[in-house]
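K.L.:
Sequence plus predicted model, see below.
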Amino acid sequence: MGDPLADPRAFRRCLGQYATGVTIVTASADGVMVGVTANSFASVSMTPPLVLWSLQNNSTSYDVFTRATHFAINILAADQIELSQRFAKSGPEKFDGVTLSEGAGGAPILDGAAAVLECRREVEHPTGDHLIMVGHVERYRRSETAALVFERGRYAAAVEHPATRFKDDHPQSSTILHRYFIVLLNRAYNRMREAMAAARASEHLDLNESRVLSAVSAYPSRSLDTLQPITFLDRIAAEDAVASLCAKGFLTVGQAAVLTMTPSGSQALDALYEATLAIEGQLLSSIPEDEFAITERTLRAIVGADVFTRQ
């Protein structure tokens, strides 16, 4: 139990437990284009077709959004992390090099989005430190592209929950499903992920903390401003991880906000690396070396073709 006003960071972490999609909301007014990354998007009504999102009162794009007749909700695809990070920052260069088209009311439509909703401004509701903007969807487009997900301050990908798979008491169905490489790959990933979660817990680390600790180890004598893109965490999640690691005695913050790992932090990270090797050794021990080499080449080929490597 906690008081949101007494510990805002803890309250944000609580809200972060709710996984959302990632959108870039765009608009244009008087020849000026704006866009902001937002995960506050939600459906309001089917009849009429209404959606909403929330804009910070201190946003540099506030004036344009409140003057524009329309806005567009660009629901990002799983390969658009770089685009999400770009539009999460302030600056006039957001649209530089971005392929786009003009939507209703001049709102920019971003190429490659998983879905787009072109909305006419319907009504606004000032609430707290945000302006809730409700839009009437005039037209939409969608694709079968997987959407980007955000959870606990980090990017994620939506995968089918293991519990929805056929159980072992359905051997015939299970055999049919296991003909597909992607199904086996997903189940193998889930098994290793669960094992790694237990290993992190034994070192009193969560995933965000382990990412920050690994980044500090790989790139010493740097500040969080430099390391944050490497962690693929948002600013608040990265700051929370640093604060927690400092409280645990794993990190210190020095002059110019330089992060330094303590001996305790090094010990915890080394133990985590050793646990990773042990987990891999245990799960892969039954695979002959020549067969594992083939599997590794197969995975590297898949990763090499992944759109993430082209960003």
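P.N.:
Nice, thanks for sending it over.

K.L.:
Please identify the buried residues of stretch 262-276?
P.N.:
265, 268, 269, 272, 275 (16 or more other CB atoms under 10 Å). (Glycine included, C-beta is placed from N, CA and C.)

K.L.:
any idea how far residue 55 is from residue 64?
P.N.:
Remark: distance between residue 55 and residue 64 (CB to CB, to the nearest Å) = 10 Å.

K.L.:
I should have written residue 217 there, sorry.
P.N.:
Applying CB to CB, the value for residue 217 to residue 64 is 42 Å.

K.L.:
One more: residue 100?
P.N.:
16 Å.

K.L.:
wait, which of the buried residues of stretch 262-276 is closest to residue 186?
P.N.:
residue 275 (22.8 Å; CB to CB).

K.L.:
Pull the residues that contact the host helix or strand of the closest one.
P.N.:
Per DSSP states H and E, residue 275 falls inside helix 263-284. If you take CB atoms under 8 Å, 6 or more residues apart in numbering as the criterion, helix 263-284 is touched by 191-192, 195-196, 199-200, 202-205, 210, 213-214, 216-217, 245, 248-251, 261, 292.

K.L.:
can you tell me the average pLDDT over that helix?
P.N.:
Mean per-residue pLDDT for helix 263-284: 91.

K.L.:
Next: stretch 121-131.
P.N.:
If you average the pLDDT over stretch 121-131, you get 94.

K.L.:
Check whether residue 140 really touches residue 118, as I assumed.
P.N.:
Yes - between residue 140 and residue 118 there is a contact at 6.9 Å, judged by CB atoms under 8 Å.

K.L.:
Those two: which is more packed in?
P.N.:
residue 118 (22 against 15; other CB atoms under 10 Å).

K.L.:
I'd like to know how many residues surround the closest residue in space to residue 292 that isn't next to it in sequence.
P.N.:
Spatial nearest neighbour of residue 292, excluding adjacent residues (CB to CB, 6 or more residues apart in numbering): residue 284 at 6.3 Å. Look at residue 284: counted by other CB under 10 Å, it has 13 neighbours.

K.L.:
go on, residue 32?
P.N.:
Neighbour number of residue 32 under other CB under 10 Å is 14.

K.L.:
Surely it touches residue 61?
P.N.:
No - between residue 32 and residue 61 there is no contact under CB under 8 Å: 9.1 Å.

K.L.:
where does residue 166 land on pLDDT?
P.N.:
On pLDDT, residue 166 comes in at 53.

K.L.:
what about dumping the CA coordinates of the helix or strand that the helix holding residue 275 is followed by to PDB?
P.N.:
Later in the chain than helix 263-284, the nearest helix or strand by DSSP H and E is helix 289-304. Written as PDB, here are the backbone C-alpha positions of helix 289-304 (Å, rounded to 0.1, in the frame of the first residue of the first chain):
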ATOM      1  CA  GLU A 289      28.100 -29.500 -30.100                       C
ATOM      2  CA  ASP A 290      27.700 -29.800 -33.900                       C
ATOM      3  CA  GLU A 291      23.900 -29.600 -33.700                       C
ATOM      4  CA  PHE A 292      24.200 -26.500 -31.400                       C
ATOM      5  CA  ALA A 293      26.400 -24.800 -33.900                       C
ATOM      6  CA  ILE A 294      23.800 -25.300 -36.600                       C
ATOM      7  CA  THR A 295      21.100 -23.900 -34.200                       C
ATOM      8  CA  GLU A 296      23.200 -20.900 -33.400                       C
ATOM      9  CA  ARG A 297      23.800 -20.200 -37.100                       C
ATOM     10  CA  THR A 298      20.100 -20.500 -37.700                       C
ATOM     11  CA  LEU A 299      19.300 -18.000 -34.900                       C
ATOM     12  CA  ARG A 300      22.000 -15.600 -36.000                       C
ATOM     13  CA  ALA A 301      20.500 -15.700 -39.500                       C
ATOM     14  CA  ILE A 302      17.100 -14.900 -38.200                       C
ATOM     15  CA  VAL A 303      18.400 -12.000 -36.000                       C
ATOM     16  CA  GLY A 304      20.500 -10.700 -38.900                       C
END
